[in-house]
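K.L.:
coords below, sequence missing:
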């Protein structure tokens, strides 16, 4: 491999060497005149030879010109061109003044590209507001901003995972989450928690300080993402962090405080209505009007359970950064402290992080730099969030005649009161059950750049990422869940190193031919180790240490490792700013797959035509008209393990240690492959004051990684094979308009919407029922709900009606049928930004629809009077109390109250709802004090703002929030078990006050 690399460099040098005679090398930096920031992608051309180059990420250029040349022409769309007169100097600094609308430069895989030259589907995100959003992780700030990207917050649990799908769910067993790249380093974004059963998992991406982010680019189609080959099938999100710029040292400080509360709670009845309703149920059943008069409503207890478990939570965030540098050395140093209380008692999240980015130019040939990032996060969650011992679900079934504390100040036991459903006092669960985790992350990246000859650059980067996750769980002795106490202690440690070597060649020929070549070779290795111990029997609740347990139930540990070797190349070509073509190929070899199929090949190609640059195009009002088309293949290897044959080392036989096969090998197992077609148009009007982008995509994912049955003669029941296909297709629209752009008043509006169809086209086990509520069926989407169908209420007698599919006279699981998909058919957002002098106002709406939600929580509090063991099942909602059937002929969807079970079926569409919603995600009002007003106190600027998050939601959903999802503990759950709500914490409404300043 080294020989190949050396030969490639040698031939490139030979090809270029004939042009270096009678010439001289000129270097320089191109900066903006107003902000003094570097311009990436500015064109630098020798007017005599018509050769040239473009500036790099730091605005630097190096070009060889004829000795007879006296000037250079420097230009950048959106800025006034400059003719640089050459003197005896060889290094220059050039400032460009703003002119027409700026043409954006975007980050792409292993480089940058002018947006006008992009032929794939790439979306850049405005990061100005990200640091001001009161959320633990930056993904929350991206909701509703990007067509084709559906982001949902499954829970308001602080630090919990966020579900991100780019152009649909494309897998069943493997991950459908995108690949996250931070400063060129792939980062751990999966859930490595051992305590993930029935709980919202911790979010590894919450380790990243949003204020450190400089830019976010989303690669959506295969042409953009195939440079990442076997990891690009779900799209790629590129994140670059802030770096220093030449100039005086600048200190930035930002602080905000947020106050959060639950946005919506399904209303529950008080003690009097509770007793009255169940007496009504008994009356309908012929048991008399006073059957439940034994329920005491005269003792003065009328518990509003939401007041007991919810609170106004406080969030605090402090960011401090220092940046600056000279022509030689630039630096960026930041620190962040984030502390978030949960709106539910017993929950919280805090983060302490620091980052140092350094860049140093040794000479005109060599440049090096480093990035060091250290983070420590603490998660406080509650045990069993999403099952029968969860805080929410026990609260919603709580007897309103039962106090939380008895006369001695001890927690009351729900078994001593009037409802069957609650298994534990929800306040006890939140306060006394322990579930904590500590995350430590260290990331370091170092690079060396070598300008071999003008326009040809070699870059070598070595990165290391270390993450450590420590979890503790404890159920105190003497609780309903455990008489003797139980504890779990788990650790997960992962180390990844990566070596990247790339060559980049960029040159402008004859002022019309722009050629960019990229080639590279990477190596990556990941090693992980984990342990998991559990014990029961504790003499005291003062410690949760496993060593204090009387009995160790389990004690396991293990190790895992895999490697990836990759080769990639890309060619970008633009002719006369009109015709654009890009071709990419990547070859990946992974140790995760079978020995006969370890290498995969992922090619792509894209073309674009800028019609408005043609001579025949004479419509001055149209400033941009570009047609794009691309096709390519990407892969998916995120299966959370190695699927090669393995052996167990603890296979003892008759007391003698032994080794035995542990996993069957499939030598031909390989990647899931996604073939994607994309056709798009970019349209700009009135000097790009109005911009429209539209895309059609068709993603065909083949060779799904699925478990298939094998002969018992092998000693195993199943083995993973490449079987199955999923299709995602849809349309994306994005429009942005500068409606008013005056000196004092500006109004910018942006709207995007996506339409998506997901369909399983081929399965090994067609019709496989997943869990109790979902099915995998050819012709349907993943996360298809499979329930007993509710037919409504008989208007004559008030009975609930259910469809008896097999006509056996019994309503049970055999009567389940497909009732809808949990995946939205459409989603998007609408953002408006207004500014008047120093004032600014921003409003961001998010919407989604076409999906179904199985609100299983309603089974507890919409129980229609059902009793078990002679006592009320649980409390009931105001809606049931107000709308239940009362008289013959009444039309309602709430059946008559009955103490018997026939009026409800837990796993039926009786609790199935539409998930459509429109949400005011962000409303922000700010004021910026100009520099002239701040000189006397030594500040460069000062911005004050007040902001609201999730201020209101328009929806018919009856639960906490239509965005919640219970099944999030694994990648497979996120794919095929979406659309279920069982005791999941709803979104928080947050009011934030903050400031940012620079000095």
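P.N.:
Thanks, I have the structure now. What you see is a predicted model; the values in this text were computed from it and never measured. Numbers count the residues shown, from 1 in each chain.
K.L.:
Could you use CA atoms for every contact and neighbour count after this?
P.N.:
Fine.
K.L.:
in this protein, what spans have low per-residue confidence?
P.N.:
Where the chain drops to pLDDT under 70, the residues are 1-22, 49-50, 77-78, 99-104, 194-198, 640-647, 649, 711-713.
K.L.:
Please give me every residue in contact with the residue nearest in space to the middle of it.
P.N.:
Geometric centre of the chain, nearest residue: residue 164, 3.8 Å, by CA atoms, centre = their mean. Listed by CA atoms under 8 Å, 6 or more residues apart in numbering, the contact set of residue 164 reads 149, 150, 151, 152, 177, 178.
K.L.:
go with 10 Å
P.N.:
By CA atoms under 10 Å, 6 or more residues apart in numbering, the contact list for residue 164 reads 139-140, 143, 149-153, 176-178, 234, 974.
K.L.:
Now intersect those residues with the strands, please.
P.N.:
Using DSSP state E, the members of the contacts of residue 164 that fall in strands are 149, 150, 151, 152, 153.
K.L.:
Does the fourth one touch residue 165 like I think?
P.N.:
Yes: Residue 152 is in contact with residue 165 according to CA atoms under 10 Å; the separation is 8.9 Å.
K.L.:
Just the buried positions in stretch 263-270, please.
P.N.:
Going by neighbour count (16 or more other CA atoms under 10 Å), the buried part of stretch 263-270 is 263, 264, 266, 267, 268, 269, 270.
K.L.:
Turn the residues you listed into a markdown table, including distance to residue 838 and secondary structure.
P.N.:
Formatted as a markdown table, the buried residues of stretch 263-270 follow (distance: CA to CA, whole Å; DSSP: H, G, I helix; E, B strand; the rest coil):
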| residue | distance to residue 838 | secondary structure |
| --- | --- | --- |
| 263 | 31 | coil |
| 264 | 35 | coil |
| 266 | 42 | coil |
| 267 | 43 | coil |
| 268 | 46 | strand |
| 269 | 49 | coil |
| 270 | 50 | coil |
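K.L.:
quick one: which of those residues is nearest residue 42?
P.N.:
residue 263 (47.9 Å; CA to CA).
K.L.:
The residue nearest to the centre of the chain and residue 176, how far apart?
P.N.:
Distance, residue 164 to residue 176, by CA to CA, to the nearest Å: 8 Å.
K.L.:
ditto for residue 653
P.N.:
41 Å.
K.L.:
Pick out whichever of the two has more residues nearby.
P.N.:
residue 176 (25 against 9; other CA atoms under 10 Å).
K.L.:
what separates the more buried one from residue 696, distance-wise?
P.N.:
With the distance defined as CA to CA, residue 176 ends up 20 Å from residue 696.
K.L.:
same check, this time on residue 861
P.N.:
44 Å.
K.L.:
between these two, who's got more neighbours?
P.N.:
residue 861 (26 against 17).
K.L.:
surely the more buried one meets residue 420?
P.N.:
No: at 11.6 Å, residue 861 does not count as touching residue 420 under the criterion of CA under 10 Å.
K.L.:
Pull up the overlap in contacts between those two.
P.N.:
With CA under 10 Å, 6+ apart as the test, residue 861 and residue 420 both reach 397, 398, 873, 874, 875.
K.L.:
Just to check, the first one is in contact with residue 274?
P.N.:
Spelled out, that is residue 397. No: contact between residue 397 and residue 274 fails when scored by CA under 10 Å: they sit 11.4 Å apart.
K.L.:
which residues are common contacts for these two?
P.N.:
Residues touching both residue 397 and residue 274 by CA under 10 Å, 6+ apart: 268, 872, 874, 875, 876, 877.
K.L.:
and the fourth one, which of the three is it?
P.N.:
So that's residue 875. coil (DSSP: H, G, I helix; E, B strand; the rest coil).
K.L.:
Now do the contacts for it.
P.N.:
For residue 875, the contact set (CA under 10 Å, 6+ apart) comprises 268-271, 273-275, 277-278, 395-401, 418-422, 860-865.
K.L.:
I'd like to know how far residue 401 sits from residue 269.
P.N.:
Distance, residue 401 to residue 269, by CA to CA: 11 Å.
K.L.:
okay, and the common contacts of the two?
P.N.:
With CA under 10 Å, 6+ apart as the test, residue 401 and residue 269 both reach 275, 302, 304, 875.
K.L.:
if I look at the third one, how far off is residue 133?
P.N.:
When CA to CA is applied, the distance between residue 304 and residue 133 equals 31 Å.
K.L.:
now residue 686
P.N.:
Counting by CA to CA, the gap from residue 686 to residue 133 is 33 Å.
K.L.:
if we can go back for a sec, can you name the residues bridging to the residue nearest to the centre of the chain?
P.N.:
Residue 164 has these beta-bridge partners by DSSP bridges: residue 151.
K.L.:
cool, and residue 927?
P.N.:
Taking DSSP bridges as the rule, residue 927 bridges to residue 839, residue 944.
K.L.:
quick one: contacts for it?
P.N.:
With CA under 10 Å, 6+ apart, residue 927 has these contacts: 835-841, 942-946, 995.
K.L.:
7 Å instead?
P.N.:
The contact partners of residue 927, by CA atoms under 7 Å, 6 or more residues apart in numbering, come to 838, 839, 840, 943, 944, 945.
K.L.:
Residue 743: which of the residues you listed is nearest?
P.N.:
Proximity of these to residue 743 was ranked by CA to CA; the top entry is residue 838 with 11.5 Å.
K.L.:
where along this structure do the helices fall?
P.N.:
For the chain, the helices defined by DSSP state H occupy 2-17, 222-225, 271-284, 305-309, 391-396, 426-432, 858-861, 878-883, 971-976.
K.L.:
Not counting the fourth one itself, show me its contacts.
P.N.:
Same thing as helix 305-309. Under CA under 7 Å, 6+ apart, the answer for helix 305-309 is 344, 345, 395, 427.
K.L.:
among these, which two are most distant?
P.N.:
Maximum pairwise distance in the contacts of helix 305-309, criterion CA to CA, is 12.3 Å, between 345 and 395.
K.L.:
So for those two, which residue has more residues nearby?
P.N.:
Neighbours were counted for residue 345 and for residue 395 using other CA under 10 Å; residue 395 has more, 26 against 21.
K.L.:
Residue 403: what's it in contact with?
P.N.:
Counting by CA under 7 Å, 6+ apart, residue 403 makes contact with 301, 303, 412.
K.L.:
now residue 635
P.N.:
229, 230, 231, 232, 233, 671, 672, 673, 674.
K.L.:
could you redo the residues you listed as CSV and give each row neighbour count and distance to residue 682?
P.N.:
CSV is the format used below for the contacts of residue 635 (neighbours: other CA atoms under 10 Å; distance: CA to CA, whole Å):
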residue, neighbour count, distance to residue 682
229, 28, 26
230, 30, 29
231, 24, 27
232, 29, 24
233, 34, 24
671, 26, 33
672, 27, 31
673, 28, 28
674, 29, 25
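K.L.:
Take these and keep only those in strands.
P.N.:
Among those, DSSP E puts 672, 673, 674 in strands.
K.L.:
Of the contacts of residue 927, which count as buried by neighbour count?
P.N.:
839, 840, 943, 944, 945.
K.L.:
Now distance to residue 189 too, for those residues, in a markdown table please.
P.N.:
Formatted as a markdown table, the buried ones among the contacts of residue 927 follow (distance: CA to CA, whole Å):
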| residue | distance to residue 189 |
| --- | --- |
| 839 | 38 |
| 840 | 35 |
| 943 | 33 |
| 944 | 33 |
| 945 | 32 |
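K.L.:
which one of the residues you listed is nearest residue 773?
P.N.:
Set against residue 773, the nearest of those by CA to CA is residue 945 (45.2 Å).
K.L.:
so how far is residue 215 from the closest one?
P.N.:
Taken as CA to CA, the span from residue 945 to residue 215 is 22 Å.
K.L.:
Quick check: bridge partners of the closest residue to residue 496 other than its chain neighbours?
P.N.:
Distances taken as CA to CA, 6 or more residues apart in numbering place residue 526 nearest to residue 496, at 4.3 Å, with adjacent residues excluded. Residues in a beta bridge with residue 526, per DSSP bridges, are residue 496, residue 562.
K.L.:
is it true that residue 526 touches residue 493?
P.N.:
No: using CA atoms under 7 Å, residue 526 is not in contact with residue 493, being 10.6 Å away.
K.L.:
list the buried ones in stretch 704-719?
P.N.:
Under 16+ other CA under 10 Å, the buried positions of stretch 704-719 are 704, 705, 706, 707, 718, 719.
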